[in-house]
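In: this one's structure only:
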């Protein structure tokens, strides 16, 4: 029985001592103040603001990618060649006006310049298999909407190209 009383005494002593320490910490613990709530709300606003910035940045990146996306559409066309810079070129047949300047005002560039019908805007890029990517710089009197004339350095190259019908890729 003495052992039981001693145990109860030790237990009460420990409870009292721990209660004092615990009591101090418990009494110092208070409900979060209004300032703490305001800090939490401020942090939440900051997080939302940062999420909005990230979302806006993501949308801009998506928009930029859409702008940078290049669409090439296939078009079947008749292709011929011309060589306005060849010394044997005949004015009125191979070119009209200054052979070194195209109808768009750009310089004549064999392997790049293309003559197309009026429905194809100047500056339009066209990929032609066997020729590469050319740019519409010129016009021609006999060139229709489904016909382009590729500029070559020599008349022999233009004649060697001949008249072909093939699928080309037009940048839209």
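Out: Good, I have the coordinates. Just so it is clear, the structure is predicted and the values come from calculations on it, not from any experiment.

In: all contacts plus neighbour counts: C-alpha atoms, from now on.
Out: Noted.

In: Surely residue 131 is in contact with residue 111?
Out: Yes: assessed by CA atoms under 8 Å, residue 131 is found in contact with residue 111 at 6.9 Å.

In: residues near the residue nearest to residue 115 when sequence neighbours are not counted, how many?
Out: Nearest non-adjacent residue to residue 115, counting by CA to CA, 6 or more residues apart in numbering: residue 138, 4.2 Å away. The tally of other residues near residue 138 (other CA atoms under 10 Å) stands at 26.

In: now swap in the one 4 residues further on and tell me
Out: Counted with other CA under 10 Å, the burial measure for residue 142 works out to 10 neighbours.

In: Contacts for stretch 138-156 next, please.
Out: Residues from elsewhere that reach stretch 138-156 (CA atoms under 8 Å, 6 or more residues apart in numbering): 76-86, 88-89, 102-104, 109-120, 122, 158.

In: longest strand anywhere in this structure?
Out: The longest strand of the chain (DSSP state E) is strand 72-82.

In: Can you give me the domain boundaries for the chain?
Out: According to automatic domain parsing, the chain comprises the domains 33-69, 72-171.

In: Format those domains as CSV; extra columns: mean pLDDT.
Out: Compiled in CSV, the domains of the chain are given as follows (pLDDT from 0 to 100):
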stretch, mean pLDDT
domain 33-69, 67
domain 72-171, 93
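
In: Which residue ranges of the protein form helices?
Out: For the chain, the helices defined by DSSP state H cover 2-28, 34-68, 155-161.

In: and the domains of the chain, which is most packed in?
Out: Highest mean neighbour count among the domains of the chain (mean count of other CA atoms under 10 Å): domain 72-171, with a mean of 17.

In: what distance separates the start and the end of that domain?
Out: One end of domain 72-171 sits 4 Å from the other (CA to CA, to the nearest Å).

In: So residue 102 is in contact with residue 112, correct?
Out: No: assessed by CA under 8 Å, residue 102 is found out of contact with residue 112, at 11.7 Å.

In: Overlap in contacts, these two.
Out: What both residue 102 and residue 112 touch, as defined by CA under 8 Å, 6+ apart, is an empty set.

In: Tell me how far the residue nearest to residue 115 lies from residue 130.
Out: Going from residue 138 to residue 130 by CA to CA gives 20 Å.

In: Can you tell me how far the closest residue to residue 167 other than its chain neighbours is from residue 169?
Out: Computed as CA to CA, 6+ apart, the closest residue to residue 167 that is not its neighbour in sequence is residue 76, at 4.1 Å. From residue 76 across to residue 169, the span is 9 Å (CA to CA).
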